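Trainee: sharing a sequence plus its predicted fold:
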Amino acid sequence: MATMDELVEFYGPPISVYTRAQAVEEGVLVDVSEWASPRQMMGGFLVPVAMTRALFTALEKPSKRGEDLRGRAHDVLWMALLAGRRHQEELFQGDPIPYVVLSEGRKRQLQMILDGDGIVIGLAEEDLS
């Protein structure tokens, strides 16, 4: 993966830049770094973690099994942590890592990617780049 300096040298300076902070501010991403931190989750993430709005909205829907948003988010984060550990090499190369979470008795396909600001987790059909 090329560094930002290499990309700027080859292509020239970017016309515009959309930051993670802007995405969180606009609601495109939801910052769940606190929930994902080692203080909140055993073996938690040491980098910032965000979920796409589509995934977070899916987790907010009431559960038939009595699970709350925080519990479902913990399941997503825990499985992401395990997938990240298993596929560290691909993750550090910037490749999306697919993984599965059991939700309402069904398998749900998710993915995560490591970008310059941390981890982004989203639904399998979303473009995380």
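Mentor: Now that the structure is in, tell me what you want to look at. Numbers count the residues shown, from 1 in each chain.
Trainee: just the buried positions in the longest helix along the chain, please.
Mentor: Among the elements of type helix in the chain, defined by DSSP state H, the one spanning the most residues is helix 69-86. Counting neighbours by 16 or more other CB atoms under 10 Å, one finds that the buried residues in helix 69-86 are Arg72, Ala73, His74, Val76, Leu77, Trp78, Met79, Ala80, Leu81, Ala83, Gly84. Yep, even glycine has a C-beta here, placed from its N, CA and C like the rest.
Trainee: just the helices in this structure please.
Mentor: 4-11, 20-26, 33-36, 53-60, 69-86, 88-92.
Trainee: now for the longest one, which elements pack on it?
Mentor: Spelled out, it's helix 69-86. With contacts taken as 3 or more CB pairs under 8 Å, 6 or more residues apart in numbering; DSSP states H and E, helix 69-86 sits against helix 33-36, strand 49-52, helix 53-60, strand 97-103, strand 106-115, strand 118-123.
Trainee: tell me the most buried of these?
Mentor: When the helices and strands packed on helix 69-86 are scored by mean count of other CB atoms under 10 Å, the highest mean neighbour count falls to strand 49-52 (a mean of 24).
Trainee: packing partners of that strand?
Mentor: Packing partners of strand 49-52 (3+ CB pairs under 8 Å, 6+ apart): helix 20-26, strand 29-31, helix 33-36, helix 69-86, strand 118-123.
Trainee: ok, now with 6 Å
Mentor: Other helices and strands packing on strand 49-52, by 3 or more CB pairs under 6 Å, 6 or more residues apart in numbering; DSSP states H and E, are strand 29-31, strand 118-123.
Trainee: including distance to Leu7 and mean pLDDT, could the ones you listed go into CSV?
Mentor: Below are the helices and strands packed on strand 49-52 laid out as CSV (distance: least, CB to CB, whole Å; pLDDT from 0 to 100):
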stretch, distance to Leu7, mean pLDDT
strand 29-31, 22, 97
strand 118-123, 19, 95
